[in-house]
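Enquirer: here is a sequence together with a model predicted from it:
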Amino acid sequence: MIIAPGTAFTKTWQLRNDGNCAWDQNYVLELVQGDALGANTRIPLTKVINPGDTLTISIDMTAPT
């Protein structure tokens, strides 16, 4: 997908807990490296994700100028 410079867009990820413990509200999705593109660098989980469950997270971002 081509996005024009400075354009706002929404990026969506689907995460699956392949571990053996639940992810609760103490867990966060955190940017480790790269440009945050105007988004928060830490996104806390809003519900419990049990092993084998999936979570869809959408984050508003802005394309670099």
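Expert: Perfect, thanks for sending it. Numbers count the residues shown, from 1 in each chain.

Enquirer: and the gap between the residue nearest in space to the middle of the chain and residue 39?
Expert: Residue closest to the mean C-alpha point of the chain, counted by C-alpha atoms, centre = their mean, is residue 57 at 5.1 Å. Distance, residue 57 to residue 39, using C-beta to C-beta, to the nearest Å: 11 Å. All C-beta atoms are positioned from the backbone trio N, CA, C, and that covers glycine.

Enquirer: what do you get for residue 10?
Expert: Residue 10 is 10 Å from residue 39, by C-beta to C-beta.

Enquirer: which residue of these two possesses the greater neighbour count?
Expert: residue 39 (15 against 9; other C-beta atoms under 10 Å).

Enquirer: just the strands in this protein please.
Expert: Assigned strands in the chain, in chain order: 8-16, 28-30, 42-44, 54-62 (criterion: DSSP state E).

Enquirer: which strands and helices lie in contact with the second one?
Expert: Pointing back at strand 28-30 there. For strand 28-30, the packing partners by 3 or more C-beta pairs under 8 Å, 6 or more residues apart in numbering; DSSP states H and E come out as strand 42-44.

Enquirer: adjacent strands (with direction) for the strand it packs on?
Expert: Strand 42-44 pairs in its sheet with strand 28-30 (antiparallel), by DSSP bridges.

Enquirer: need the residues that contact the strand it pairs with.
Expert: With contacts defined as C-beta atoms under 8 Å, 6 or more residues apart in numbering, strand 28-30 is touched by 13, 15, 41-45, 57.

Enquirer: thanks a lot, see you next time.
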